[in-house]
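> Sequence plus the predicted model coming up.
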Amino acid sequence: MRDTGNGRAVKVKDKATEPKEKERSELPGVWVAYGRLLQHLRKRAGLSQQALGAAIGYSMEQVASVEQGRRPAKAAFTEAADPMLNAGGVLLVLQNDVDRAKLPQFFRNFALIEADVVSRFSYDPLLVPGLLQTEGYARAVFAGHCPPFSEEVVDQHTEGRLSRQKLLTRVPMAELSFIVSEEALRNPVGNAEVMRGQWQRLLEVGAMRNVEVQIMPPGPGFHVGLDGPFVMMETQDHNHLGYIESQEVGCVVHDPADVSAFGLRCGKLRSQALNGVESARLIERLVGET
């Protein structure tokens, strides 16, 4: 409190606490909610933070960070904590939302739609699409961000991207089609070991029954993919949506005429790209060259 000189006292905000308050206000709400629920369940079980951490293989500091919402729980943390606290699955139910909040903010609405699609098509001319990236490749992409991310944010975004890949093996299965330019495959993101692992990952995913990976070879002249990357999706209720993104600005496309145009471009690109067998052979050659 501070005396104003006229007999009235006013509350003076402690400047030292302002950054912490601002930091907390910017934390994803689901992390804070998960943390409060975890704290409630831990106290109900009569456990200290240290005791819970020791029981599930984490330090007291890590448990405290999760309870305060400063650090998102990883799936392994939740899978261990839920039965230990007799939570009945309530922590497990929140895990997908916790993971989604690790993604860049502009991308989260799209990721929520993507998680439930029945079909998805994408064209990617510059990078391997996020759903197919290895941890090493994804980490190299986020590490190259401008302005630079902290190591903690790189970790969170990488974890969020890998969590999206549950769509590849989800039941019921989604029909997934990826066209990736050959230039993207030859662009050395990370080191040679990262790229070799990424090519092998493409071969593994391309062999899945519900996934098609096609490579667009370089060539003279124009094709519709040169206008940029895009995604086309079909939702559970059979609505068709598009998505475009550039420089951390993403837009879900709802207009039927625009979505119809996306569909026409999908068909053209699939006919111009190498088929699945030819694409796998090209990727195998890349692996053999390293």
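Received the coordinates, thanks.
> hang on, Leu168 packs against Ala207?
No - using Cβ atoms under 8 Å, Leu168 makes no contact with Ala207, being 11.7 Å away. The C-beta positions use only the backbone N, C-alpha and C, and glycine is treated the same way.
> between these two, who's got more neighbours?
Comparing Leu168 with Ala207 by neighbour count (other Cβ atoms under 10 Å), the higher total belongs to Leu168, at 15 against 11.
> With Val213 as the reference, measure out to the more buried one.
Per Cβ to Cβ, to the nearest Å, Leu168 is found 11 Å from Val213.
> wait, what's in contact with the closest residue to Ser59 other than its chain neighbours?
Spatially, and ignoring its direct neighbours in sequence, Ser59 is nearest to Gly53 (5.4 Å; Cβ to Cβ, 6 or more residues apart in numbering). Neighbouring residues of Gly53 by Cβ atoms under 8 Å, 6 or more residues apart in numbering: 59-60, 62-63.
> Just the ones in helices from those residues, please.
Cross-referencing these against helices under DSSP state H gives 60, 62-63.
> Distance to Leu126 added to the residues you listed, as CSV?
Below are these laid out as CSV (distance: Cβ to Cβ, whole Å):
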residue, distance to Leu126
Met60, 44
Gln62, 36
Val63, 40
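> Most neighbours of all these, which one?
Going by other Cβ under 10 Å, Val63 tops the ones in helices among the contacts of Gly53 with 27 neighbours.
> and that one, what is it in contact with?
By Cβ under 8 Å, 6+ apart, the contact set of Val63 is 38, 42, 49-50, 52-53.
> could you check the distance from the residue nearest the centre of the chain over to Leu132?
What sits nearest the mean C-alpha location of the chain, by Cα atoms, centre = their mean, is Arg161, with 2.6 Å. Noted for Arg161: a distance of 10 Å to Leu132, by Cβ to Cβ.
> swap in Val194?
Remark: distance between Val194 and Leu132 (Cβ to Cβ) = 14 Å.
> So which of those two has more stuff around it?
Between Val194 and Leu132, counting by other Cβ under 10 Å, Leu132 is the more crowded of the two (24 against 18).
> Where does the closest residue in space to Val252 that isn't next to it in sequence sit: helix, strand or coil?
Nearest residue to Val252 in three dimensions, chain neighbours excluded: Tyr243, at 5.4 Å (Cβ to Cβ, 6+ apart). Following DSSP: H, G, I helix; E, B strand; the rest coil, the label given to Tyr243 is strand.
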